[in-house]
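Peer 1: no FASTA, just this:
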């Protein structure tokens, strides 16, 4: 039983990693047999892992056909937006307070370096898919200020939905430039030691992303 559970966990991690890396196209139906062959595993742990991924809202299982990435409903988008505002807005508040106590706060240097990478990448014509990885690192750095594994776990639970949410928005013309400017505004508010403005700029940024997503429907 322990070996079977370990195989299920391994299959789950491998498939989840493929989802995060964008290996599956939205709307396309995939075969369980092909996935099992690709991963070099039997179908049993693959099916078990997919049941978990389905419960997590990451994939949709289509009986006798295969599976595809789960589509986001309007309620999903609203939920993701509210969760991120609550967690990341408070993280900005905490970051600003911590910076007020210690201007050598290491996370702020990491955020600054991430911002410089964003600017350079956009200037070099980076794709929305590749920019998303840098964007997500920026937001993970904000969350890390709270030093909470439970909060990290909550974000991990909605990571794939966040990816779809962000990518659908970032592909719009001009949104990469807007995103960098809004990230910079969040950072500036933190450096200015204005916690309420930092949180507000985070809310404003996520609102831009949500409105961009909504406009594409």
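Peer 2: That came through, no problem. Keep in mind it's a predicted model, so treat the numbers as computed, not measured.
Peer 1: for the rest of this, base every contact and every neighbour count on C-alpha atoms.
Peer 2: Noted.
Peer 1: quick one: low-confidence ranges for this structure?
Peer 2: 1-5, 160, 214-217 (pLDDT under 70).
Peer 1: what's the longest helix in it?
Peer 2: Longest helix of the chain, by residue count under DSSP state H: helix 74-101.
Peer 1: chain neighbours aside, what residue packs nearest to residue 48?
Peer 2: Nearest residue to residue 48 in three dimensions, chain neighbours excluded: residue 8, at 6.2 Å (CA to CA, 6 or more residues apart in numbering).
Peer 1: what residues of stretch 43-59 count as buried?
Peer 2: For stretch 43-59, the neighbour count (16 or more other CA atoms under 10 Å) marks 43, 45-51, 53-54, 57-59 as buried.
Peer 1: which other residues reach stretch 124-138?
Peer 2: 111, 114-115, 117-118, 121-122, 163, 166-167, 170-171, 176 (CA atoms under 8 Å, 6 or more residues apart in numbering).
Peer 1: could you rerun that using 10 Å?
Peer 2: By CA atoms under 10 Å, 6 or more residues apart in numbering, the list of residues contacting stretch 124-138 from outside reads 20-22, 110-115, 117-118, 120-122, 140, 142-143, 159, 162-163, 166-173, 175-176, 179-180, 183.
Peer 1: and the helices in this structure, which stretches?
Peer 2: 2-20, 32-39, 43-55, 74-101, 106-123, 128-144, 149-157, 159-170, 175-191, 195-215.
Peer 1: what's the fourth one packed up against?
Peer 2: Applying 3 or more CA pairs under 10 Å, 6 or more residues apart in numbering; DSSP states H and E, one finds that helix 74-101 makes contact with helix 106-123, helix 128-144, helix 149-157, helix 159-170, helix 175-191, helix 195-215.
Peer 1: list the buried residues of the fifth one.
Peer 2: The reference is to helix 175-191. So helix 175-191, judged by 16+ other CA under 10 Å, has buried residues 175-176, 179-191.
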